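> Only the shape, not the letters, is given here:
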């Protein structure tokens, strides 16, 4: 149970609740792009008072952990504020600023905790997290060296990142006890288990897909002698228990899939949770496909809250029914929950350093570049006339610049100028390469007079609100 908020902290809590409400209101406003100035003013509202710095610098960093029972409403509100601020930083394209790392760290920690709980992972699973931790630590160190943010906030972020690092080290140590002879067996079992839980989450008949997985398990099981996996020369390697328990768990999941073939995998008592998680997964998978065009990073806040609510329903890692029992179908729900966490982390990690306002331009340039690459790749008969639509599109985008910069609606210079200019230069280089590939004697250069660059043409429009 959360601890009560001390009397002296109530004014701070009230101020943070007010900031969270303002952030939430700004998140819901889809009528206009999010302005960096609005985000910065809210960020400054959090850090400018010495009271907040005391909370960040001492109590949270050195004593309390919002994930433990010691945390009170102040801690959870503070975590909400930082999560929302982090998503806003990603939305305005400031992905390399320290505050932008908070939501990524929190998402990473959720996934790592679930990996630790399931004990189903291998070296290949941990490597991306190790690299990402290194990248995020570089961001924090750079901002610390440049004094871009208050020291107390950087310490808070470093502490959160350190917790992820600690979990990864713990997971790596757990794998280190597996003997070399059993590593291939362990990795194969991890892969099979993942396929089984993914299969359990699918509706319909699973017989055709289940049979080869069961055969693989029987094949692995047949290599044991007296219940032991043997190494070269008949030796009995260490870490038998890890592989044996994983093998048994795979058999249990396969048996549960088979037993629940006619009941759609999940008992009635858990069906509401299953339906909710399935809907969340479908929406997040849709965002993974369309995020370049439709995602505002702050949209992920609602998904994160929904998943946290569902995760908190578990007791000792299991979902209970109304009578306090643990129904079958746990593997399916945990798979869906972890899948959703993974999708959110993927969306956060793939956020580009381009502001929401410049995203439509970046998307159009990406499309033009992709088309030009396809033309260059496959070649064929084409003339200068065929390049005019691309040149026109680039001209329309370039005409929006003022003094070499793309200017926002409020007169500011949005983040992502370098990224867009890099795309623009690549497109021009591709057009030059295509021109060089043409036979110069085949075309009449007077054709240029038939086309005029009209800035009002709707072929490529850099403006407008995202859908």
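Looks like it arrived, so ask away. All figures in this text were calculated on a predicted structure; none of them were measured in a lab.

> CA only for contacts and neighbour counts going forward, please
Will do.

> what sits up against stretch 120-136?
101, 108, 115, 161, 164-165, 168, 172, 175, 187, 190 (C-alpha atoms under 8 Å, 6 or more residues apart in numbering).

> Return the set of buried residues in it.
120-122, 126, 129, 133, 136 (16 or more other C-alpha atoms under 10 Å).

> ranking the contacts of stretch 120-136 by neighbours, who comes first?
residue 101 (27 neighbours; other C-alpha atoms under 10 Å).

> Hmm, that residue is touching residue 86, no?
Yes. Counting by C-alpha atoms under 8 Å, residue 101 touches residue 86, with 6.5 Å between them.

> about what we covered before: between the contacts of stretch 120-136, which is closest to residue 224?
residue 187 (16.4 Å; C-alpha to C-alpha).

> rewinding a little: quick one: common contacting residues for residue 101 and residue 86?
Joint contacts of residue 101 and residue 86 (C-alpha under 8 Å, 6+ apart) do not exist.

> elements contacting the helix or strand where residue 12 lies?
Element membership for residue 12 (DSSP states H and E) is helix 10-28. On a contact count with 3 or more C-alpha pairs under 8 Å, 6 or more residues apart in numbering; DSSP states H and E, helix 10-28 meets helix 36-47, helix 73-91.

> ok, now how distant is the residue nearest to residue 163 when sequence neighbours are not counted from residue 298?
Distances taken as C-alpha to C-alpha, 6 or more residues apart in numbering put residue 109 closest to residue 163, at 7.7 Å, once the chain neighbours are dropped. Relative to residue 298, residue 109 is positioned 19 Å away (C-alpha to C-alpha, to the nearest Å).

> tell me the pLDDT at residue 312?
Note for residue 312: predicted pLDDT of 92.

> If you tally nearby residues, what's the number for it?
10.

> cool, and the one 5 residues further on?
By the criterion of other C-alpha under 10 Å, residue 317 has 14 neighbours.

> Could you pull up the contacting residues of the residue lying closest to residue 98 once chain neighbours are set aside?
Excluding the flanking residues, the one nearest residue 98 by C-alpha to C-alpha, 6+ apart is residue 140, at 5.5 Å. Going by C-alpha under 8 Å, 6+ apart, residue 140 touches 97-98, 154, 157-158.

> same question, residue 291
Per C-alpha under 8 Å, 6+ apart, neighbours of residue 291: residue 347.

> Find the helix or strand that it is a member of.
helix 271-294.

> List the buried residues of that helix.
Neighbour counts over helix 271-294 (16+ other C-alpha under 10 Å) mark 273-274, 277-278, 280-281, 284-285, 287-288, 291-294 as buried.

> could I get those residues as JSON lines with distance to residue 335 and pLDDT?
Putting these into JSON lines (distance: C-alpha to C-alpha, whole Å; pLDDT from 0 to 100) gives the following:
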{"residue": "273", "distance to residue 335": "12", "pLDDT": "92"}
{"residue": "274", "distance to residue 335": "10", "pLDDT": "89"}
{"residue": "277", "distance to residue 335": "10", "pLDDT": "93"}
{"residue": "278", "distance to residue 335": "10", "pLDDT": "89"}
{"residue": "280", "distance to residue 335": "13", "pLDDT": "94"}
{"residue": "281", "distance to residue 335": "11", "pLDDT": "90"}
{"residue": "284", "distance to residue 335": "15", "pLDDT": "92"}
{"residue": "285", "distance to residue 335": "14", "pLDDT": "88"}
{"residue": "287", "distance to residue 335": "19", "pLDDT": "87"}
{"residue": "288", "distance to residue 335": "18", "pLDDT": "85"}
{"residue": "291", "distance to residue 335": "23", "pLDDT": "73"}
{"residue": "292", "distance to residue 335": "26", "pLDDT": "68"}
{"residue": "293", "distance to residue 335": "28", "pLDDT": "71"}
{"residue": "294", "distance to residue 335": "26", "pLDDT": "70"}
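
> Just name the closest of those residues to residue 389, please.
residue 293 (21.7 Å).

> wait, isn't the closest one in contact with residue 362?
No. Using C-alpha under 8 Å, residue 293 is not in contact with residue 362, being 9.9 Å away.

> Now do the same for residue 256: helix, strand or coil?
Three-state assignment for residue 256 (DSSP: H, G, I helix; E, B strand; the rest coil): helix.

> OK, contacts around it?
Here residue 256 is in contact with 328-329 (criterion: C-alpha under 8 Å, 6+ apart).

> Give me the mean pLDDT for the helix or strand where residue 155 lies.
For residue 155, the element it lies in under DSSP H and E is helix 151-176. Averaged over helix 151-176, pLDDT sits at 91.

> one step back: is it possible to export the buried residues of helix 271-294 to CSV including distance to residue 355?
Below are the buried residues of helix 271-294 laid out as CSV (distance: C-alpha to C-alpha, whole Å):
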residue, distance to residue 355
273, 36
274, 36
277, 30
278, 31
280, 26
281, 26
284, 21
285, 23
287, 18
288, 18
291, 14
292, 12
293, 13
294, 13
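
> Out of those residues, which comes closest to residue 369?
residue 292 (14.9 Å).

> in the protein, what secondary structure element scores lowest on mean pLDDT?
Sorted by mean pLDDT, DSSP states H and E, the helices and strands of the chain end with helix 50-54, the least confident at a mean of 49.

> where exactly do the strands run in the stretch 351-467 of the chain?
401-402, 405-406 (DSSP state E, counting those that start in this stretch).

> closest to residue 330 out of those?
It's strand 405-406; of the strands of the stretch 351-467 of the chain, that one is closest to residue 330 (C-alpha to C-alpha) at 51.3 Å.

> what is the rounded mean pLDDT of stretch 134-141?
95.

> now the stretch 201-350 of the chain, which segments are flagged as low pLDDT?
204-205, 259-265, 292 (pLDDT under 70).

> just the helices in it please.
In the stretch 201-350 of the chain, the helices defined using DSSP state H, counting those that start in this stretch lie at 207-222, 240-259, 271-294, 300-311, 330-349.

> Out of those, which is the most enclosed?
helix 330-349 (a mean of 21; mean count of other C-alpha atoms under 10 Å).

> Report the distance from that helix to the chain centre.
Taking C-alpha atoms, centre = their mean, to the nearest Å, one finds helix 330-349 lying 10 Å from the centre of the chain it belongs to.

> cool, and stretch 285-304?
10 Å.

> now do the same end-to-end measure for it.
End-to-end distance (C-alpha to C-alpha), stretch 285-304: 14 Å.

> So residue 200 sits against residue 330, correct?
No. The criterion here is C-alpha under 8 Å, and residue 200 misses it with residue 330 at 10.2 Å.

> so residue 199 sits in a helix?
Yes. Secondary structure of residue 199 (three-state DSSP): part of a helix.

> residues near it, how many?
21.
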